[in-house]
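In: Give me a 3D structure for the following:
(chains A, B and C)
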Amino acid sequence: MGTLGWAVRKIGGALVVLWLVATAIFIGIRLIPGDPAEAIMGGPGSQASAEALAAARAEFGLDQPVPVQYLMFLGKLAQLDFGTSYALKRPVTEVMAEVLPKTITLALLALAAAWLLALLFAALAMRANRFGAWLGSMVEIVAAAVPHFWLGAVLIMVFSSALGWLPAVDNGTGAGLVLPVLTLALPLAGFLTQLMRDSLATAMSSQFALAARARGESRLAVFWRHGLRHASLPALNLTGWAFSSLLSGAVVVEVIFARPGLGRSLLSAVLARDIPMVTGLALFSALVYILVMALTEAVERAIDPAGAAS
Amino acid sequence: MSTESHPSRQEPAPLLTVSNLSVSFGADVAVQDVSFTLSAGRALALVGESGSGKSVTARSLLGLSGGTVTAKTLRICGHDGLALRDREWQGIRGNAVSMILQDALTALDPLRPVGREIGDALKVHGSNSRAERHARVIEILQRVHMPDPELRARQRSTELSGGMRQRALIAQALIGNPQVVIADEATTALDSKLAALVLEQLRELKEQGRAVLMISHDLAQVAHLADEIAVMRRGKIVEHGTAARVLEDPQHEYTRTLLRAVPSGIPRFVPLSASSAHAAPAAAAVNAEDPTLALRAHNLGKSFGSHQAVDSVSFELPRGTTLGIVGESGSGKTTTARIVLGLQKPDSGQVQLLGRDFAPGKESERRELRRAMGAIYQNPLGSFDPRYTAGQLLTDALSEGKSKRADGGYRDGVEQLLEQVELDPALASRNPRELSGGQRQRLAIARALAPKPAVLVLDEPVSALDVSIQATVLDLLDRIQQETGTSYLFISHDLSVIEHMSDRVAVMTRGRIVEQADTAQIFGDPQHEYTKSLLSAMPRLR
Amino acid sequence: MSRLSKILAWLFIAFWALTALAPQLIAPGDPLAINPAQAFQAPGSEHVFGTDESGRDIYTRVIHGAGDSLFIGLAATAVGMGLAIVLGTLAAMAPRWLDGIILRVLEALYSIPSLLLALLIIAFTGPGVGPAIIAVGLSTAPGYARLVRSQIRTLKNSEMLEAATVLGRGTWLKIRNHLVPNALKPLLALVTLGIGQAVIWAAALSFLGLGTPPPAPEWGAMLSAGRTYLHLAWWMSLFPGLAIVVVAAGATLIGRALGGKARTI
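Out: Alright, predicted model coming up:
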């Protein structure tokens, strides 16, 4: 498969996924009982003004037949017009442009931290004895089982309340990022270490590792030249999933550390039942996921062009 | 560090001197009191079956056994192997002593270009210029006759053909210009042509004055290259002598067992193992008056995308006889077997079983007919339900899936089947995972025999087994054929097994049968060029 | 699984079952009893886990909270796994075109991070325990469905089923004797791993104020309350969170012992 064909297929697949997400949201809006206009404007309890309801009806074409509404809905999304957040009274795209970079920075930093930690632990586990290996796997399992909202609280208690080393809320400096990033990275590192350890052990006990040793390479060299590549592949394969779980975690972490971002905006949109905002954020996170998936696949193709490990 | 600077002595001292070498893993002694010497320009073969300690012996010569090594003497190209520290070992590995491992697909990192893999040996030993390393890699690839070396050096092992991969593997062992080359099962699991290629390369090494240590389970393959043969069993050398002496006048009982187990040149139905119950070779118990063919395949064709896997394949299998299909991997033999078994729908052609249409066809219509045909695979474990014990597997087969209770009404039937394949009835309560490879294959045969089939399709049934175990399983198949008149479609890449087991042989390559004739005709007077080339590559003892 | 770990696993399950079904046996107090005079007591002999801002005993609340937290987790797993088994099996057995459609739909659902998908669902349904169960169930279903599909696919194409075909077994016998029994064990492992994750997600929703409302003693809701007093009363956050970690890690351990892989949940 050529690179061009691959790219075309990826873009096609991405469009299908985005279309399906949009359709699901459209069906979701229609499933809310009562007046759809009222639903879009925050549900029956929101007591939206008559003008607001009229505006929503016009914007979503609610006086038209359902298929026409559906096409109008898709048409607007295709023009990247997500409408106006009724709660914030601002265009959804504007809000997203503000919050998205913050969340993505947080998620990327956490991803990098998790990778580093996982590689470090996996390499350490290689040298461990039986007890060390058992202890290591326990730590991984517990790390992977720790909820973000509690880990964040514990980290604040220890490093902010007790030791006073790091700020509990984002104060704009790098130090303010440390705790949120760690909160997100630690559970993910637990998952990744489990994966890397397995594939690292397989690679290091493989025939090609033995052949490399028989050529005179040291254990360390075999680890760098062979082990690391093989250990990264399955973890790399999961990067799409990992990034997606980081976005989930970001919702909670942004609440705990009072950071503005996609997660907190989504939460307040959900609490206010601000459907245009929710739609835009959902589609955007799907788009981010698709982009990350395509990126990882491209990296995988570079490491393993023949698809040997899949 | 290089060993070339050592002062040359009056007479060539052995490159390897090993005396009373023992290797243990905890309480488990893998190698015990092994002694031998190996000089430049000579080849020694360590022959034994799995678990005999031959590979551990070879690895301890590189300091890579992973166990506790003790010895009276362990001299490796002038170094004292017992006193070497890890860094010093690294100086020897790849430089003075190098190793060719068994499977080129797994012995080369699939994620790195083979040129880099080969060049790594130079990097380790202090060659730092990238251009210089590249030049050496290309040079060594040319020396092992790699076609288009510049291109191949950039590719990964998965992109190379089997032959190129083997050449790359040999190249990575040669680039450090070692005095001793260890070939650890370097020909195992290879098609005979590829194996011949590797043996040819090893012969060149020997003629260049290097010492070659071959590790193999196959006496026939080492016969023409080795000057000396040491037979290993359970960690010890049981017999050691010149190749001619060991092969022609074996002293130890185990050596004789191994030699007898090699099937090439042994007539049909003559037992390969001493333990086999049937003594007299006799033809199969067939009712010769029944003219119906057991199996008939006509003009089978199957393609996967643009790849023509099977192309106009036709053959006939008379009752009570064996048709051998031989070919290299990728020749289409397994796809043919799957079509015959009704597991793969052919693009064209028909299969008839006992004169009735079998494939292609509707599963519900041929289900009744399936009783008449059984299958045996290379790895039987995958074909067993992992939850079943041996007894449950056979009960399931006998009851046609209605019962799996081992103590029910099928108990006698299960016992009979186990006896028929010479398995201890006490094994009925075991899970197949706890059985040895030979026992598993016997269990698979027992299961296939449960519906009393007229035809067995055997796809590489003994390829994963040690020679002596292979011999007993082949003898069992012979006996069953004589007793029951079952017809065999016997598929293998191993010419000697095919020669011993078949009445007729079909030679397959690239999806086609290029030659089909009686066994004696194929092996005595082959007509097709491909058959001739296969046969010339076939290692022979007798 | 060794004998000892089997016993430990059953003890673990029995303990939490007892805690969820009969909390008063372990913690006889009233989890909702307010005693402002006793507010913000640090853990001590009188209150082992301390008290909260209204003087309620944290230990009693953690024990009594097991019922709600575990019920939401179990119910959400049931919803998610039920859907996943149906969709995954359908996709695995279906002709290629239908498999393709199901896969695409799953991929679309999978492309929205679980918690975001759960929030999306709650945006349509409004908050509450029922919506939380549905939201967690639906948002975990796509991942499980893909695993179920690949497991059934592997089994369907296994040599074991081919051997059964060669022996002349009909479709029904193959499904009953081999496919279903062999699919069950990995599914059980998956369910066990899933319960741990569902408890976390459900607690996360309560923590965000979208699940069980306060003052019910649900672990996530307790953490949410504790957050306000993080600098003042660390015990309010520590103990409910520990309970979640113990349940989730225990479920993971059991799931792994049953042969489950840690990935893609």
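
In: Mind picking out the helix or strand in the chain with the poorest mean pLDDT?
Out: Looking at chain A here, since you left the chain open. Sorted by mean pLDDT, DSSP states H and E, the helices and strands of chain A end with helix A:36-40, the least confident at a mean of 70.

In: could you do chain C instead?
Out: Comparing helices and strands within chain C by mean pLDDT, DSSP H and E singles out helix C:23-26 as the least confident, with a mean of 78.

In: Is chain A within reach of the helix or strand of chain B with the lowest mean pLDDT?
Out: Of the helices and strands making up chain B, the lowest-confidence element is helix B:104-107, at a mean of 81, by mean pLDDT, DSSP H and E. Yes. Contact of helix B:104-107 with chain A (CB under 8 Å from any CB of the partner chain) involves B:Thr106, B:Ala107. Any C-beta I mention is one placed from the backbone N, CA and C, and that applies to glycine too.

In: centre of the chain versus the helix or strand containing A:Val278, how much separation?
Out: Using DSSP states H and E, A:Val278 sits within helix A:275-303. Relative to its chain's centre, helix A:275-303 lies at 8 Å (CA atoms, centre = their mean, to the nearest Å).

In: Which positions in that helix come out as buried?
Out: A:275-286, A:288-290, A:292-294, A:296-297, A:300 (16 or more other CB atoms under 10 Å in any protein chain shown).

In: From C:Leu208, how far off is the closest residue to A:Ala250 other than its chain neighbours?
Out: The spatial neighbour of A:Ala250 that comes closest, neighbours along the chain excluded (CB to CB, 6 or more residues apart in numbering or on different chains), is A:Gly263 at 4.4 Å. Between A:Gly263 and C:Leu208 the distance is 10 Å, computed by CB to CB, to the nearest Å.

In: Equivalent analysis for B:Ala297, please.
Out: 67 Å.

In: Those two: which has the busier surroundings?
Out: B:Ala297 (27 against 24; other CB atoms under 10 Å in any protein chain shown).

In: next structured bit after the helix or strand that contains the more buried one?
Out: Element membership of B:Ala297 [criterion: DSSP H and E] is strand B:293-304. Using DSSP H and E, the next helix or strand after strand B:293-304 towards the C-terminus is strand B:307-318.

In: The helix or strand that that following strand is followed by - contacts with which helices or strands?
Out: If you walk from strand B:307-318 toward the C-terminus, the next helix or strand you reach (DSSP H and E) is strand B:322-327. Under the contact criterion of 3 or more CB pairs under 8 Å, 6 or more residues apart in numbering or on different chains; DSSP states H and E, the helices and strands touching strand B:322-327 comprise strand B:307-318, helix B:333-340, strand B:487-492, helix B:495-501, strand B:504-509.

In: ok, 7 Å please
Out: Secondary structure elements in contact with strand B:322-327, counted by 3 or more CB pairs under 7 Å, 6 or more residues apart in numbering or on different chains; DSSP states H and E, are helix B:333-340, strand B:487-492, helix B:495-501, strand B:504-509.

In: related to what we said a few turns ago, can you tell me if the next helix or strand after the least confident helix or strand of chain C touches chain A.
Out: From helix C:23-26 onward toward the C-terminus, using DSSP H and E, the following helix or strand is helix C:58-93. No. Interface with chain A: helix C:58-93 contributes nothing (CB under 7 Å from any CB of the partner chain), its closest point being 11.4 Å away.

In: Now helix C:58-93: buried residues?
Out: Neighbour-count burial for helix C:58-93, with 16+ other CB under 10 Å as criterion, is recorded at C:58-81, C:83-85, C:87-92.

In: pLDDT averaged over that helix, what's the number?
Out: In this model, helix C:58-93 has a mean pLDDT of 86.

In: what does the stretch 1-150 of chain C have sitting close to chain A?
Out: Along the stretch 1-150 of chain C, the residues adjacent to chain A under the rule CB under 7 Å from any CB are C:104-105, C:107-108, C:111-116, C:119-120, C:122-124, C:126.

In: ok, 10 Å please
Out: With CB under 10 Å from any CB of the partner chain as the criterion, the stretch 1-150 of chain C comes near chain A at residues C:101, C:104-127, C:139, C:143.

In: Helices - which of these land there?
Out: Assignment to helices by DSSP state H places the following of those there: C:101, C:104-110, C:114-125, C:139, C:143.

In: got any ranges where chain A has weak pLDDT?
Out: In the prediction, chain A carries residues with pLDDT under 70 at positions A:1-2, A:33-34, A:36, A:39-48, A:170-172, A:306-310.

In: for it, which helix is longest?
Out: Assignment by DSSP H; longest helix in chain A turns out to be helix A:92-127.

In: which neighbours do A:Gly263 and C:Leu208 share?
Out: Taking CB atoms under 10 Å, 6 or more residues apart in numbering or on different chains as the contact rule, A:Gly263 and C:Leu208 both touch A:Val251, A:Val252, A:Val255, C:Leu115, C:Leu119.

In: Which residue comes closest to the fourth one once chain neighbours are left out?
Out: If I follow you right, that is C:Leu115. Nearest in space to C:Leu115, with sequence neighbours left out and distances taken as CB to CB, 6+ apart, is A:Ser248 at 3.6 Å.

In: How about the last one?
Out: Leaving out its chain neighbours, the residue that sits closest to C:Leu119 by CB to CB, 6+ apart is A:Val270, at 4.7 Å.

In: could you give the mean pLDDT of whichever helix or strand B:Leu456 is part of?
Out: Under DSSP H and E, the secondary-structure element containing B:Leu456 is strand B:455-459. For strand B:455-459, mean pLDDT rounds to 95.

In: Who does that strand pair with, and is each partner parallel or antiparallel?
Out: Taking DSSP bridges as the criterion, strand B:455-459 sits next to strand B:373-376 (parallel), strand B:487-492 (parallel) in its sheet.

In: closest one to C:Val199 among those strands?
Out: C:Val199 lies closest to strand B:373-376 among those, at 47.5 Å (CB to CB).

In: Could you list the buried residues of the least confident helix or strand of chain C?
Out: Buried residues in helix C:23-26, counted by 16+ other CB under 10 Å: C:Pro23.
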